[in-house]
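> here is my input, please return the structure:
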Amino acid sequence: MSLFEARPADASADRTKKRDSASAYLLDQAFAAGWISSLDRQFARRVAEIFDARSDSIEWALALASRQEAAGHVCADLNRLAEEGIIVEVAGVVHTASILQTHDSLEAWLESLRDSELVQVGVLERDGKPRPLILDEQGRLYLSRAYRDECELADRLRQRAEDGGFELDSAWVEAAISRLAPGKSPGDEAARSALRVGLEGRIAIVTGGPGTGKTTMVARLIALLLEHADSVGERPPRVKLLAPTGKAAAALSVSLARGAASLGVPTGGSAAASANPYIAETIYRALHRQTRVDAFGRPEKIAIEADVVVVDEASMVDLGMMNRLFAACEAVPRVILLGDPDQLASVDSGAVLSELCAGRDSKHPLGVAQAQLTQSHRFSASSGIGRLAAAIREGDADTTLALLADPEHPEISRVDLESGDIVAARLVEQSHGLHDAIKGAAEMHEKLEQMAVYRVLCAHRKGPFGVETLSARLDDAGAAARLTRAQAGWWRGRLLLVTQNAPDQDLWNGDVGLVEETAAGLRALFPDGAGGVRAMAAGRLPSHESAIAMSIHKSQGSEFDFVDLVLGDFASPIMTRELFYTGVTRARTTLRVHASESAIRAMMGRRIQRDSGLAERLWAD
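The predicted structure is shown next:
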């Protein structure tokens, strides 16, 4: 349906008198219908005013490009959207809206856009002047910043892959790899392949599901690089460990430190240890820690100083952040990306890791740089969680539902959703074990470790089965269990999730802490990254929320012994196979899924789709 077709004649005349352009009516109606946000509307109007190009066609294009980027797309694929429409959910009801609001056909609209002063076709500038919108030959409409990020990242990745690798003695490489990764199974061969890629290439992309040994591979790689440097009389390589969130960085630090210790890699009191402290940090912190400016007040170019940069949970890194990261790594000899392309894509725009893995052409330079680990060391072949994750990854809804109902796998189960009160009561009962474990731990660092005993993961933030509702219910119950009250969110035993980067406090979006009684009173405790604990008063905390119930998106990079996965009784547009897979693989030992069969089947049939041209640019001949 077109919004123009629904315009009352008298309302149109009245609005025309009050507004500079009839396009204001289209944007107002689209906003009222829930098709675009207030930000999309204001952005479109303001940009059109700045360029003095007010028109229905261009304002709707600006609003649509803004809307699609906010939804996680790099661009608005106008050909796809013209056929499928845009999906809009209002008050739990899903609608499909047409993007053809100003012209009768897509061809006519594209021609109008090509003639606009605000649109450039295929390049960033025209006549030396930047344009806010870029329209490529495939009918993809970009905001100029996203187009620049996509082009620059594709060039950087291809250049790094095409530059070739390092000339190492092949006999030494094979002997060293065989020593650290012995065995004859397919999983062992995949591990050896990952080591070769990491040793020989300027970029390595190592993918695999949870527990397939990605960080073990990195520990082995660091051991081999240290060994090689020692054998040729060079200094130990400097290794920078990065992750998109504080939780993922902490997990990477612990995993690599354990792997290094098991391999006998120096971890203290040596030059090698100084170069490789095995303490990971967030990508944001690594890129934005520099605050120096030049003589004109402009920030200096950020350059990461390291010989090896390892990025864990790369599926969570959005297009813009990945481009800035590779720009800062221009002088870094080796960059290694670790991740699971079957997990959720980044919250912001793009799905870089998935597009990097889209080709898997063994003859393409980017294909040569890839290794896929398939053998899970966390879940056995007979593990219910492992089998369930595999069925979800393959899109097999029948097997998924059968496994959740199989009495031979009591560690995984599905329960039908009833009322919000019944679900909350069930979760509260399970959460008592978490609070008992935290309360019973003697040392503060042990209390922090007990936070991984249990977590509630939700598909939505709002509603009776959303994060906000369930967090409030669980916090009230948790405070009562600790003989206190949940007043102002500051009570002993409360789990906290930081929601805002705070460099001055060295806290980052995604960090998880615990409020506990200390000698100085109630304090928020956080891991210090080196096995210790740091305490912080309430007044120093950045924005935060309860962490007892979390969104599945925010749980990425974490693991919990017992997970209650609350999905819902119907599948909303955000509930996809990747969301289900990510939630399931957060559980170590026990998983309980709260969802109807119909919701699960709908999720299994829906994949994340991110409009982008990155894969095409990466894998083009």
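
> where do the helices of the stretch 151-300 of the chain begin and end?
For the stretch 151-300 of the chain, the helices defined by DSSP state H, counting those that start in this stretch cover 170-180, 186-200, 214-231, 246-263, 271-275, 283-288.

> from the centroid of this protein, which residue is nearest?
For the chain, residue 316 is the residue whose C-alpha lies nearest the centre (CA atoms, centre = their mean; 2.3 Å).

> surely that one meets residue 346?
Yes - with contact defined as CB atoms under 8 Å, residue 316 counts as touching residue 346 (5.3 Å). Placement of C-beta: from N, CA and C, glycine included.

> where do the contact lists of the two overlap?
residue 244 (CB atoms under 8 Å, 6 or more residues apart in numbering).

> residue contacts, the residue lying closest to the residue nearest to the centre of the chain once chain neighbours are set aside?
In this structure, residue 316 finds its nearest non-sequential neighbour in residue 244, 4.3 Å apart by CB to CB, 6 or more residues apart in numbering. Residues in contact with residue 244 (CB under 8 Å, 6+ apart) are 282-284, 313-314, 316-317, 321, 346, 510, 557.

> residue contacts, residue 362?
Per CB under 8 Å, 6+ apart, neighbours of residue 362: residue 368.

> doesn't it belong to a strand?
No - membership of residue 362 in a strand is not supported by DSSP: H, G, I helix; E, B strand; the rest coil, which gives coil.

> quick one: it and residue 43, what's the gap?
43 Å (CB to CB, to the nearest Å).

> other residues contacting the longest helix along the chain?
Ranked by number of residues, the top helix in the chain under DSSP state H is helix 420-440. Here helix 420-440 makes contact (CB under 8 Å, 6+ apart) with 415, 417, 447, 450-451, 453-454, 456, 464-465, 469-470, 473-474, 477-478, 481-482, 493, 514, 516, 548-549, 562, 564, 566, 592, 594.

> where does the chain have low pLDDT?
1-24, 89-94, 123-128, 185-186, 260-277, 289-300, 360-361, 380-381, 529-531 (pLDDT under 70).

> residues contacting the residue nearest to residue 357 when sequence neighbours are not counted?
Counting by CB to CB, 6+ apart, residue 341 is the residue found nearest to residue 357 once chain neighbours are left out, at 4.7 Å. The contact partners of residue 341, by CB under 8 Å, 6+ apart, come to 207, 315, 353-354, 356-357.

> and which of the residues you listed is nearest to residue 443?
residue 315 (34.2 Å; CB to CB).

> residues near the closest one, how many?
26 (other CB atoms under 10 Å).

> contacts only, for it.
339-341, 343-346, 351, 353-354, 556.

> what's the answer for residue 565, then?
457, 552, 583-584, 587, 591-595.

> now residue 576
Residue 576 neighbours (CB under 8 Å, 6+ apart): 603, 606-608.

> distance of residue 393 relative to residue 415?
23 Å.

> actually residue 72, sorry about that
30 Å.

> more neighbours: those two, which one.
Taking other CB under 10 Å, residue 72 and residue 415 do not tie; residue 72 has more neighbours (22 against 15).

> could you pull up phi and psi at that one?
Dihedral angles phi and psi of residue 72 (degrees, to the nearest 10) take the values phi 100, psi 0.

> cool, the one 4 residues further on as well?
The phi/psi pair for residue 76 (degrees, to the nearest 10) reads phi -100, psi 110.

> what pairs with it across the strands?
residue 141 (DSSP bridges).

> closest one of the contacts of residue 341 to residue 151?
Of those, the one sitting nearest to residue 151 (CB to CB) turns out to be residue 356, at 15.6 Å.

> what's the closest non-adjacent residue to that closest one?
The nearest residue in space to residue 356 (CB to CB, 6+ apart) is residue 205, at 5.7 Å.

> out of the contacts of residue 315, the closest to residue 309 would be?
residue 339 (14.2 Å).

> would you reformat the contacts of residue 341 as TSV and include distance to residue 76 and secondary structure?
Listed next are these as TSV, based on distance: CB to CB, whole Å; DSSP: H, G, I helix; E, B strand; the rest coil:
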residue	distance to residue 76	secondary structure
207	29	strand
315	23	helix
353	22	helix
354	19	helix
356	22	helix
357	24	coil
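
> just put those in a markdown table and tack on distance to residue 306.
Output for the contacts of residue 341, formatted as a markdown table (distance: CB to CB, whole Å):
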| residue | distance to residue 306 |
| --- | --- |
| 207 | 22 |
| 315 | 22 |
| 353 | 21 |
| 354 | 26 |
| 356 | 21 |
| 357 | 24 |
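
> ok, back up a step: mean neighbour count added to the helices of the stretch 151-300 of the chain, as JSON lines?
Formatted as JSON lines, the entries for these read as follows, by neighbours: other CB atoms under 10 Å:
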{"stretch": "helix 170-180", "mean neighbour count": "14"}
{"stretch": "helix 186-200", "mean neighbour count": "20"}
{"stretch": "helix 214-231", "mean neighbour count": "22"}
{"stretch": "helix 246-263", "mean neighbour count": "21"}
{"stretch": "helix 271-275", "mean neighbour count": "17"}
{"stretch": "helix 283-288", "mean neighbour count": "20"}
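
> between those, which one is closest to residue 54.
helix 283-288 (36.9 Å).
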